[in-house]
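Enquirer: Predicted model follows, preceded by the sequence.
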Amino acid sequence: GESVGLHLPTLSVQEGDNSIINCAYSNSASDYFIWYKQESGKGPQFIIDIRSNMDKRQGQRVTVLLNKTVKHLSLQIAATQPGDSAVYFCAERGSSYKLIFGSGTRLLVRP
Amino acid sequence: KAGVTQTPRYLIKTRGQQVTLSCSPISGHRSVSWYQQTPGQGLQFLFEYFSETQRNKGNFPGRFSGRQFSNSRSEMNVSTLELGDSALYLCASSLVGLASDTQYFGPGTRLTVL
């Protein structure tokens, strides 16, 4: 498949464990944040989003936490599965309404 | 409902040539955005089209252009190709655009410039 990024930070977790992927964003005026998952050979897939008036949002097996004080976003994946192996990107929407993507984190799930 | 489709999936061109990439959004989506993805620069926003008008633009040279048709399908054109234009070009569609709603990405077009 196509390589998304050759030198991405990598998080390696055991199948069944919880994963936490972190992201620092740049613009304190950003009001909307999204996590995407990108598997090899595919485009980014929406996972979960959160607006700046919230600090936590839960989905199915995923939770996003937003700390506006330190401009930090995290994605927690519960009971990580082999199918979760992918590159994960956070994105922020700034005042110009453009999405700015982070550099990504590669998640490897060990069987 | 069918997802975002992009054609072609792979393309090889030489320096100086031009290329046109196509994107068909999800049915009912009126906004199409284009992104360039490279290992070095990551995902970078190119432009957004809504109702046949460019509504937002990233920091790319004028060699990169696009358009949108009345059926919301979009094309992106890169003229005078450079080696550095080699990348995965992604398009994303949403109902009304970046200001409001979730973008859904296509599989991308892998462009290689020799």
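Expert: Perfect, thanks for sending it.
Enquirer: When you work out contacts or count neighbours from here on, use the C-alpha atoms and nothing else.
Expert: Will do.
Enquirer: tally of neighbours for the closest residue to A:Ala91 other than its chain neighbours?
Expert: Distance criterion C-alpha to C-alpha, 6 or more residues apart in numbering or on different chains; nearest residue to A:Ala91, sequence neighbours excluded, is A:Phe101 at 4.2 Å. Residues near A:Phe101, counting by other C-alpha atoms under 10 Å in any protein chain shown, number 20.
Enquirer: what residues are up against residue 53?
Expert: No chain specified, so I'll use chain A. Contacts for A:Asn53 (C-alpha atoms under 8 Å, 6 or more residues apart in numbering or on different chains) come out as A:Asp31.
Enquirer: wait, I meant chain B there
Expert: B:Thr53 makes contact with B:Arg67, B:Gln68 under the criterion C-alpha under 8 Å, 6+ apart.
Enquirer: Close to chain A: what parts of chain B are there?
Expert: Within chain B, the positions adjacent to chain A are B:37-45, B:56, B:58, B:90, B:98-99, B:102-108 by C-alpha under 8 Å from any C-alpha of the partner chain.
Enquirer: where's the spatially most central residue of chain B, which helix or strand?
Expert: Most central in chain B under C-alpha atoms, centre = their mean is B:Trp34, positioned 3.2 Å from the mean C-alpha point. Assigned by DSSP states H and E, B:Trp34 belongs to strand B:31-38.
Enquirer: Just the ones of the residues of chain B next to chain A in strands?
Expert: B:Gln37, B:Thr38, B:Gly42, B:Leu43, B:Gln44, B:Phe45, B:Asn56, B:Leu90, B:Tyr104, B:Phe105 (DSSP state E).
Enquirer: Widest-spaced pair of these?
Expert: B:Thr38 and B:Asn56 (20.9 Å; C-alpha to C-alpha).
Enquirer: In the beta-sheet assignment, what are the partners of the residue lying closest to B:Tyr10 once chain neighbours are set aside?
Expert: Leaving aside its sequence neighbours, B:Tyr10 sits nearest to B:Arg110 (C-alpha to C-alpha, 6+ apart; 4.7 Å). Beta bridges link B:Arg110 to B:Tyr10, B:Leu88, judged by DSSP bridges.
Enquirer: and what of B:Cys23?
Expert: Using DSSP bridges, the beta-bridge partners of B:Cys23 come out as B:Gln6, B:Ser74.
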